[in-house]
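Student: what follows is a protein structure lacking sequence information:
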(Lines give C-alpha, C1' and ligand atoms only; values in the text may rest on other atoms or scores of the structure.)
Protein backbone atom coordinates (compact mmCIF):
# COMPACT_ATOMS: atom_id res chain seq x y z
CA UNK A 1 0.00 0.00 0.00
CA UNK A 2 1.51 3.29 -0.98
CA UNK A 3 1.13 6.80 0.37
CA UNK A 4 0.34 5.61 3.90
CA UNK A 5 1.81 8.89 5.13
CA UNK A 6 -0.61 11.11 3.16
CA UNK A 7 -3.76 8.97 2.83
CA UNK A 8 -6.92 10.36 4.43
CA UNK A 9 -7.92 9.00 7.85
CA UNK A 10 -9.28 5.46 7.60
CA UNK A 11 -8.17 4.94 3.99
CA UNK A 12 -5.21 2.69 4.84
CA UNK A 13 -7.41 0.42 6.95
CA UNK A 14 -10.07 0.32 4.19
CA UNK A 15 -7.46 -0.74 1.64
CA UNK A 16 -6.06 -3.34 4.05
CA UNK A 17 -9.59 -4.74 4.62
CA UNK A 18 -10.26 -4.83 0.86
CA UNK A 19 -7.03 -6.71 0.21
CA UNK A 20 -7.81 -9.17 3.02
CA UNK A 21 -11.32 -9.76 1.60
CA UNK A 22 -9.82 -10.82 -1.75
CA UNK A 23 -6.71 -12.59 -0.44
CA UNK A 24 -6.51 -13.20 3.31
CA UNK A 25 -2.93 -14.50 2.97
CA UNK A 26 -1.51 -11.56 1.01
CA UNK A 27 1.61 -10.00 2.46
CA UNK A 28 1.04 -6.27 2.60
CA UNK A 29 3.90 -3.81 2.50
CA UNK A 30 3.25 -0.24 3.60
CA UNK A 31 5.07 2.49 1.75
CA UNK A 32 5.43 6.18 2.45
CA UNK A 33 6.91 8.78 0.16
CA UNK A 34 8.59 11.40 2.34
CA UNK A 35 9.23 14.67 0.55
CA UNK A 36 12.44 16.59 0.13
CA UNK A 37 11.94 20.27 -0.64
CA UNK A 38 14.96 21.80 -2.38
CA UNK A 39 14.55 25.15 -0.58
CA UNK A 40 11.52 25.42 1.72
CA UNK A 41 12.25 29.13 2.21
CA UNK A 42 11.20 29.77 -1.39
CA UNK A 43 7.65 28.68 -0.48
CA UNK A 44 7.27 29.94 3.10
CA UNK A 45 4.65 32.67 3.38
CA UNK A 46 4.27 32.90 -0.42
CA UNK A 47 1.44 32.48 -2.91
CA UNK A 48 2.61 29.29 -4.62
CA UNK A 49 1.94 27.79 -8.02
CA UNK A 50 2.07 23.99 -7.51
CA UNK A 51 3.10 22.02 -10.60
CA UNK A 52 2.24 18.34 -10.31
CA UNK A 53 2.65 15.16 -12.34
CA UNK A 54 -0.31 15.42 -14.72
CA UNK A 55 -1.31 11.74 -14.94
CA UNK A 56 -1.41 11.56 -11.13
CA UNK A 57 -4.06 14.29 -11.16
CA UNK A 58 -6.00 13.12 -14.22
CA UNK A 59 -5.96 9.34 -14.48
CA UNK A 60 -5.04 8.92 -10.82
CA UNK A 61 -7.86 11.29 -9.78
CA UNK A 62 -5.70 12.82 -7.05
CA UNK A 63 -6.51 16.30 -5.78
CA UNK A 64 -3.02 16.82 -4.34
CA UNK A 65 0.55 15.90 -5.17
CA UNK A 66 4.11 16.39 -4.01
CA UNK A 67 4.19 20.12 -4.83
CA UNK A 68 0.96 21.01 -3.05
CA UNK A 69 1.89 18.92 0.01
CA UNK A 70 5.32 20.58 0.08
CA UNK A 71 3.75 24.05 -0.17
CA UNK A 72 1.55 23.29 2.83
CA UNK A 73 4.44 21.77 4.82
CA UNK A 74 6.69 24.75 4.05
CA UNK A 75 4.06 27.24 5.23
CA UNK A 76 2.93 28.72 1.93
CA UNK A 77 0.31 31.45 2.28
CA UNK A 78 -1.91 29.96 -0.46
CA UNK A 79 -1.97 28.02 -3.69
CA UNK A 80 -2.47 30.04 -6.85
CA UNK A 81 -5.16 28.69 -9.16
CA UNK A 82 -3.58 28.27 -12.63
CA UNK A 83 -6.87 27.69 -14.49
CA UNK A 84 -7.43 31.34 -15.50
CA UNK A 85 -3.93 31.41 -17.00
CA UNK A 86 -3.96 28.05 -18.82
CA UNK A 87 -3.30 27.84 -22.56
CA UNK A 88 -3.53 25.11 -25.21
CA UNK A 89 -3.48 21.51 -24.03
CA UNK A 90 -3.18 22.66 -20.42
CA UNK A 91 -6.57 24.42 -20.80
CA UNK A 92 -8.01 21.25 -22.41
CA UNK A 93 -6.84 19.13 -19.47
CA UNK A 94 -8.65 21.45 -17.03
CA UNK A 95 -11.79 21.25 -19.20
CA UNK A 96 -11.67 17.43 -19.21
CA UNK A 97 -10.71 17.07 -15.53
CA UNK A 98 -12.37 19.89 -13.58
CA UNK A 99 -11.75 18.17 -10.23
CA UNK A 100 -8.00 18.89 -10.50
CA UNK A 101 -8.54 22.17 -8.70
CA UNK A 102 -5.77 24.74 -8.13
CA UNK A 103 -2.88 22.56 -9.30
CA UNK A 104 -0.98 22.82 -12.57
CA UNK A 105 -0.67 19.43 -14.31
CA UNK A 106 2.45 18.73 -16.38
CA UNK A 107 0.99 16.26 -18.88
CA UNK A 108 4.00 15.59 -21.05
CA UNK A 109 7.26 16.92 -22.35
CA UNK A 110 6.86 17.30 -26.09
CA UNK A 111 7.96 20.65 -27.51
CA UNK A 112 4.36 21.92 -27.63
CA UNK A 113 3.49 20.67 -24.14
CA UNK A 114 6.58 22.26 -22.63
CA UNK A 115 5.96 25.56 -24.45
CA UNK A 116 2.31 25.69 -23.30
CA UNK A 117 3.25 24.79 -19.73
CA UNK A 118 5.90 27.52 -19.75
CA UNK A 119 3.38 30.07 -21.05
CA UNK A 120 0.84 29.05 -18.41
CA UNK A 121 3.49 29.49 -15.70
CA UNK A 122 4.53 32.87 -17.13
CA UNK A 123 0.92 34.07 -17.02
CA UNK A 124 0.27 32.68 -13.53
CA UNK A 125 3.41 34.46 -12.28
CA UNK A 126 1.33 37.64 -12.31
CA UNK A 127 -0.37 36.27 -9.18
CA UNK A 128 2.12 33.72 -7.82
CA UNK A 129 5.24 34.58 -5.85
CA UNK A 130 6.91 31.16 -6.04
CA UNK A 131 6.67 27.79 -7.79
CA UNK A 132 6.81 24.30 -6.28
CA UNK A 133 7.83 21.74 -8.91
CA UNK A 134 6.55 18.27 -8.00
CA UNK A 135 7.08 16.57 -11.36
CA UNK A 136 9.33 13.59 -12.14
CA UNK A 137 11.22 15.79 -14.60
CA UNK A 138 13.17 18.77 -13.31
CA UNK A 139 11.24 21.48 -15.15
CA UNK A 140 13.78 24.09 -14.13
CA UNK A 141 16.14 22.48 -16.66
CA UNK A 142 13.56 22.60 -19.48
CA UNK A 143 11.82 25.93 -19.13
CA UNK A 144 12.27 29.45 -17.93
CA UNK A 145 10.40 30.18 -14.69
CA UNK A 146 10.15 33.93 -14.04
CA UNK A 147 9.75 33.71 -10.25
CA UNK A 148 11.61 31.77 -7.53
CA UNK A 149 11.09 28.01 -7.80
CA UNK A 150 12.09 24.93 -5.88
CA UNK A 151 11.93 21.27 -6.75
CA UNK A 152 10.14 18.71 -4.62
CA UNK A 153 11.27 15.08 -4.77
CA UNK A 154 10.34 11.93 -2.93
CA UNK A 155 11.63 8.42 -2.38
CA UNK A 156 9.75 5.23 -1.57
CA UNK A 157 10.21 4.17 2.05
CA UNK A 158 8.85 0.79 3.17
CA UNK A 159 7.54 1.05 6.72
CA UNK A 160 7.11 -1.73 9.23
CA UNK A 161 6.99 -5.45 8.58
CA UNK A 162 7.20 -7.22 6.30
CA UNK A 163 9.83 -5.28 4.41
CA UNK A 164 10.75 -5.78 0.77
CA UNK A 165 13.67 -8.10 1.51
CA UNK A 166 11.45 -10.40 3.57
CA UNK A 167 8.84 -10.59 0.82
CA UNK A 168 11.40 -11.23 -1.93
CA UNK A 169 13.63 -13.64 0.05
CA UNK A 170 11.87 -16.82 -1.21
CA UNK A 171 12.15 -15.61 -4.79
CA UNK A 172 15.79 -14.62 -4.43
CA UNK A 173 16.76 -17.99 -2.98
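Tutor: Nice, I can see it. Keep in mind that this is a model prediction, so the values were computed, not measured.

Student: tell me which residues of stretch 51-64 are tucked away?
Tutor: Neighbour counts over stretch 51-64 (16 or more other C-beta atoms under 10 Å) mark 51-54, 56-58, 62, 64 as buried. In short, each C-beta sits where N, CA and C put it, glycine included.

Student: just the ones in strands from those, please.
Tutor: Among those, the members found in strands (DSSP state E) are 51-53.

Student: residue 126: neighbouring residues, count only.
Tutor: Applying other C-beta atoms under 10 Å, we find 11 residues neighbouring residue 126.

Student: ok, residue 25 next?
Tutor: 5.

Student: so how far is residue 33 from the residue nearest in space to the middle of the chain?
Tutor: The centre of the chain sits closest to residue 65, judged by C-alpha atoms, centre = their mean, with a distance of 2.5 Å. According to C-beta to C-beta, to the nearest Å, residue 65 stands 11 Å off from residue 33.

Student: any chance of the ones in strands among the buried residues of stretch 51-64 in CSV, plus pLDDT?
Tutor: What follows is these, written out as CSV (pLDDT from 0 to 100):
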residue, pLDDT
51, 97
52, 95
53, 91
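
Student: and which of those residues is nearest to residue 90?
Tutor: In terms of C-beta to C-beta, no member of those lies closer to residue 90 than residue 51, at 10.6 Å.

Student: the top helix by length along the chain - contacts with which helices or strands?
Tutor: Longest helix in the chain by number of residues (criterion: DSSP state H): helix 111-124. In terms of contacts (3 or more C-beta pairs under 8 Å, 6 or more residues apart in numbering; DSSP states H and E), helix 111-124 is packed against strand 47-53, helix 88-96, strand 104-106.

Student: contacts for the first one, please.
Tutor: Where contact means C-beta atoms under 8 Å, 6 or more residues apart in numbering, the residues beyond strand 47-53 that reach it are 62, 64-68, 70-71, 76-80, 82, 102-106, 117, 121, 124-125, 127-136, 139.

Student: how about the last one?
Tutor: Residues from elsewhere that reach strand 104-106 (C-beta under 8 Å, 6+ apart): 49-54, 57-58, 82, 86, 90, 93, 97, 113, 117, 120-121, 124, 135, 137, 139.
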